[in-house]
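Novice: fold the following for me, if possible:
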Amino acid sequence: MLQDSDVATRIPAQDLARARSFYSSKLGLEPVEERAGGLRYKCGRGYFTLFQSSGSASGTHTQMAWEVDDIQATVNELRQRGVAFEEYDLPGLKTINGIADIEGNYPSKGGVGERAAWFRDSEGNLFGIGQPLK
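Specialist: Next up is the predicted model:
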């Protein structure tokens with residue numbers, strides 16, 4: 001039942017117009033569908049929706065992530081668009097120029113680990129970018 005269904009993420013935005021501008025100018029994404037209080041985006045085979053919310057994101061955990069083939073090229077391109085990447089120096093997680101090397105990976109993904117980077121959108125939501133290492 002659920003295992004055969006597509007999943008979609010919902011992301012809160014206190015200011016939908018500001019968020020739309022960020023996603024367009026910084027991430028190069030345009031909504032594929034609009035309705036009052038919501039914008040729907042398609043990335044690969046998945047979708048996510050920005051919705052007007054009076055609440056605010058905690059920003060303490062990754063709310064959504066993209067898996068890419070070349071994280072360095074992706075980070076470079078997004079930086080050129082004005083995206084600022086998080087820097088971490090925590091036990092087991094240290095970024096260098098915005099990118100962390102993480103040992104281990106889910107067995108179904110194969111490989112030995114992944115490279116990852118994180119950034120926040122205009123609404124304080126925390127997003128990740130990952131590249132599995134094979």
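
Novice: now do the helices in the chain.
Specialist: 16-25, 71-80 (DSSP state H).

Novice: buried residues of the first one, list them for me.
Specialist: Spelled out, it's helix 16-25. Buried positions in helix 16-25, judged by neighbour count with 16 or more other CB atoms under 10 Å: 16, 19-20, 22-23. (Glycine included, C-beta is placed from N, CA and C.)

Novice: can you give me how far it is from the chain middle?
Specialist: 14 Å (CA atoms, centre = their mean, to the nearest Å).

Novice: now the buried residues of helix 16-25 as a markdown table including distance to residue 129 and pLDDT?
Specialist: A markdown table is the format used below for the buried residues of helix 16-25 (distance: CB to CB, whole Å; pLDDT from 0 to 100):
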| residue | distance to residue 129 | pLDDT |
| --- | --- | --- |
| 16 | 23 | 97 |
| 19 | 18 | 98 |
| 20 | 21 | 98 |
| 22 | 16 | 98 |
| 23 | 15 | 98 |
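
Novice: how about the helices of the chain in JSON lines, adding distance to residue 42?
Specialist: JSON lines is the format used below for the helices of the chain (distance: least, CB to CB, whole Å):
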{"stretch": "helix 16-25", "distance to residue 42": "12"}
{"stretch": "helix 71-80", "distance to residue 42": "18"}
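
Novice: how close does residue 106 sit to residue 114?
Specialist: In this view, residue 106 and residue 114 are 9 Å apart by CB to CB, to the nearest Å.
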